[in-house]
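Asker: Have a look at this prediction, sequence included:
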Amino acid sequence: MTRAADWVLTALQQRSLDEASVDAGTSGETLMESAGRHAAEWTLTHRPPESAVVMAGPGGNGGDAFVVARYLLQAGTAVHVFCCRDIGCCTPLTQMMAAHLTRLGVNIHILGTNRSDLIGALEGANCVIDGLLGSGLSRPLSGEVADTVSVLNESAIPIVSLDLPSGLASDSGDVPGLAIRANVTLAMAFYKPSHWLYPAAEYCGDTHVVGVDYPRAELSQVSPLARVHNVETIGRLLPQRVPTGHKGTFGHVLAICGSQGMTGAAILCARGALRAGAGLVTLAVPETILSVIQLAIPEAITIPLPDDDGRLVDPGILERLQPAMERADVLAVGPGLSRDPGTLELVRQIVGTFRGTLIIDADAVRAFADHSDLLSNLGERAVLTPHPGEFAVLAHSTSKYVDASRLEAVQNFVKRCPVQLVLKGRPTVVGLPDQSVIVNPTGNTGLATGGSGDVLTGVMAGLVANGSSTADAAVTAPFIHGLAADRWADEFSERSLTPSDVLEALPRILKELEP
């Protein structure tokens, strides 16, 4: 079962959970106290400050900040506490937490137009706790709060934001105006969409989930917007290797890829499938590029297909492929194929004929832009792996909307068309036929290179051949692929990563993940 700490909730969902918990008998004070305590414990363990400036707002985020200040003080940290409103203007719970703090002798400074006290406190501090504004923000910052945020950002002191950096909205990747640039964001109990969606995610720094003591009964009623898998979860999803297995046991991948000038796509896809453990890989490619393919990847079986200037357009290809399709467990189609109308028509025919699992990538995705009925008929047998531009064509939308609303766009699509959808990018978002959404936490800009997606398609096909369900492969392949890129970046530069480097890193990643 997925941990609640791996959930992504909207601001409304978390407010509803707060209300349901209070209605069930857990006081708001208990929830706020636990949130602040867990945030303080994380800070004291991972970023122990000698002197902290604690910034509080009038709402619940400010109450959390007052609790953090109290625990830091009790642990021996020098604290300087500021509130952007008079305490009497704060919510009742936040006033209560402020009173607990003042009883310990702490003076809460009220921010006004004079910033001298704040600037003086910052000069001796090595940590800022940002609790100015939380998830309820609905407009850009202005006035004194905006001025305060500017001062904090310019101070260059490490900032730990509570739940969200002040100035960000919870449910969007948009940055409406000035916002805190945090070094660390401590998400309260759950991730929020803006922790993952760009450009807002850039403002969050390193995001960590800290606990809030919600009652289990109320948690069980929550249906998260999305989930985020981790190394342990992915390790459990990997297909097991049978000790007595042979090449037939570990499955047969048929990959229909490549065109003149796009030979590399076919090679990278086949290598990805082999690295993921496929027992057999057959590459069906235009015959004009066959000699290059055979030299580059001797492990693959090859089928030369008649082509027109390197493009697959001959209707007779379907008949030639039939014996291979009957033997294959999974068909990967699309990498480097071309967008020729004849090729796209052939893709639809092949996909409609094949009876196993389908990984539909790149140019092949475009074949279904006006044929969503065909995709719906494939259902759980199909995994589509578009980048935002390809998905925009498929969903009759725009790349800008897709990137700004990744979670919503993916969920809406799988509601209409119950396939596995892997929307590539940062972050990669996976939609499943049961309408659940998974946010992939791995990967970096090194993957923004031609050929990376071809490797991903091959890895996904190889996992299915090994015995993964389509849903498990749709989730595990992006995680593995992204983790290989992250491990490379740990040692080298992201900008130097190539798809071949990802392939070379895969054995170590799989060893790390295998239970």
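Answerer: The structure has been received and is ready for your questions. Because the structure is a prediction, the values reported are computed rather than measured.
Asker: Tell me which helix or strand residue 344 sits in.
Answerer: Assignment of secondary structure by DSSP states H and E places residue 344 within helix 341-353.
Asker: avg pLDDT for that helix?
Answerer: Helix 341-353 comes out with an average pLDDT of 95.
Asker: what does that helix contact?
Answerer: With CB atoms under 8 Å, 6 or more residues apart in numbering as the test, helix 341-353 has contacts from 256, 259, 308, 311-315, 317-318, 321-322, 325, 331, 333-334, 337, 358, 360, 363-364, 366-368, 371, 374, 378, 382. From N, CA and C alone the C-beta is placed, and that goes for glycine too.
Asker: Among these, which lie within strands?
Answerer: When DSSP state E is applied, those are split such that 256, 331, 333, 358, 360, 382 fall in strands.
Asker: ok, now which ones touch the nearest residue to the fourth one once chain neighbours are set aside?
Answerer: By that I understand residue 358. Excluding its sequence neighbours, the residue lying closest to residue 358 (CB to CB, 6 or more residues apart in numbering) is residue 382, at 4.5 Å. Under the criterion of CB under 8 Å, 6+ apart, the neighbours of residue 382 are 351, 357-358, 360, 375, 419-420, 470.
Asker: One more pass at 10 Å, please.
Answerer: For residue 382, the set of contacting residues under the criterion of CB atoms under 10 Å, 6 or more residues apart in numbering consists of 331, 351, 354, 357-360, 368, 374-376, 417-421, 433, 470, 474.
Asker: What's the PyMOL syntax to select whichever of these are buried?
Answerer: The buried residues among the contacts of residue 382 can be selected in PyMOL (16 or more other CB atoms under 10 Å) with this line:
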select buried, resi 331+351+354+357+358+359+360+368+375+417+418+419+420+421+433+470+474
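Asker: Export only the CA atoms of stretch 7-25, formatted as CSV.
Answerer: Coordinates of each C-alpha in stretch 7-25 appear next as CSV, following Å, rounded to 0.1, in the frame of the first residue of the first chain:
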residue,chain,number,x,y,z
TRP,A,7,0.6,11.2,-2.0
VAL,A,8,0.0,14.5,-4.0
LEU,A,9,-3.0,16.4,-2.7
THR,A,10,-4.6,19.7,-3.8
ALA,A,11,-5.0,22.5,-1.4
LEU,A,12,-8.8,21.7,-1.3
GLN,A,13,-8.2,18.0,-0.6
GLN,A,14,-5.9,18.8,2.4
ARG,A,15,-8.3,21.4,3.8
SER,A,16,-11.1,18.9,3.5
LEU,A,17,-9.0,16.3,5.4
ASP,A,18,-8.3,18.9,8.1
GLU,A,19,-12.0,19.6,8.5
ALA,A,20,-12.9,15.9,8.5
SER,A,21,-10.3,15.2,11.1
VAL,A,22,-11.6,17.9,13.4
ASP,A,23,-15.2,16.7,12.9
ALA,A,24,-14.0,13.2,13.9
GLY,A,25,-12.6,14.5,17.1
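Asker: And for residue 5, the neighbour number?
Answerer: Residue 5 has 15 neighbours, counted by other CB atoms under 10 Å.
Asker: list the buried ones in the helix holding residue 344?
Answerer: Across helix 341-353, burial judged by 16+ other CB under 10 Å covers 343-344, 346-347, 350-351.
Asker: Out of the helices and strands in the chain, which is least certain?
Answerer: Least confident element among the helices and strands of the chain, by mean pLDDT, DSSP states H and E: helix 399-404 (a mean of 87).
Asker: buried set for that one?
Answerer: Buried positions in helix 399-404, judged by neighbour count with 16+ other CB under 10 Å: 402-404.
Asker: Stretch 47-56 too?
Answerer: Here stretch 47-56 shows 49, 51-56 as buried, counting by 16+ other CB under 10 Å.
Asker: Next: stretch 36-46.
Answerer: Within stretch 36-46, the residues that count as buried by 16+ other CB under 10 Å are 36-40, 42-44.
Asker: Please apply the same query to stretch 299-311.
Answerer: 300, 302-305, 307, 310-311.
Asker: now, among those residues, which is nearest to residue 167?
Answerer: Proximity of those to residue 167 (CB to CB) peaks at residue 311, which lies at 50.4 Å.
Asker: what is the closest one paired to in the beta sheet?
Answerer: Residues found in beta-bridge contact with residue 311 (criterion: DSSP bridges) are residue 308.
Asker: if we can go back for a sec, could the buried residues of stretch 47-56 be laid out in TSV, adding pLDDT, distance to residue 180 and secondary structure?
Answerer: Output for the buried residues of stretch 47-56, formatted as TSV (pLDDT from 0 to 100; distance: CB to CB, whole Å; DSSP: H, G, I helix; E, B strand; the rest coil):
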residue	pLDDT	distance to residue 180	secondary structure
49	96	17	coil
51	97	19	strand
52	98	15	strand
53	98	13	strand
54	98	14	strand
55	98	9	strand
56	97	13	strand
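Asker: and which of the residues you listed is nearest residue 427?
Answerer: Distances from the buried residues of stretch 47-56 to residue 427 were compared by CB to CB; the smallest belongs to residue 55, at 28.8 Å.
Asker: Could you report the distance from that closest one to residue 160?
Answerer: Residue 55 sits 10 Å away from residue 160, taking CB to CB, to the nearest Å as the criterion.
Asker: Name the residues contacting each of those two.
Answerer: Taking CB under 10 Å, 6+ apart as the contact criterion, the residues that touch both residue 55 and residue 160 are 128-131.
Asker: Turn those residues into a markdown table, including neighbour count and distance to residue 65.
Answerer: Written out in a markdown table, the entries for these read as follows (neighbours: other CB atoms under 10 Å; distance: CB to CB, whole Å):
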| residue | neighbour count | distance to residue 65 |
| --- | --- | --- |
| 128 | 26 | 10 |
| 129 | 29 | 6 |
| 130 | 29 | 8 |
| 131 | 32 | 3 |
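Asker: Could you list the low-confidence segments of the chain?
Answerer: Low-confidence regions of the chain, defined by pLDDT under 70, span residues 1-3, 113, 136.
Asker: quick one, domains of it?
Answerer: Following automatic domain parsing, one finds the domains of the chain at 4-224, 244-513.
Asker: can you give me the offset of whichever strand or helix holds residue 81 from its chain's centre?
Answerer: According to DSSP H and E, residue 81 maps onto strand 78-83. Taking CA atoms, centre = their mean, to the nearest Å, the mean C-alpha location of strand 78-83 is offset from the chain mean by 35 Å.
Asker: which helices and strands does it pack with?
Answerer: Under the contact definition 3 or more CB pairs under 10 Å, 6 or more residues apart in numbering; DSSP states H and E, strand 78-83 sits against strand 51-56, helix 60-74, helix 92-102, strand 108-110, helix 116-123, strand 127-131.
Asker: Nice, that's everything, thank you.
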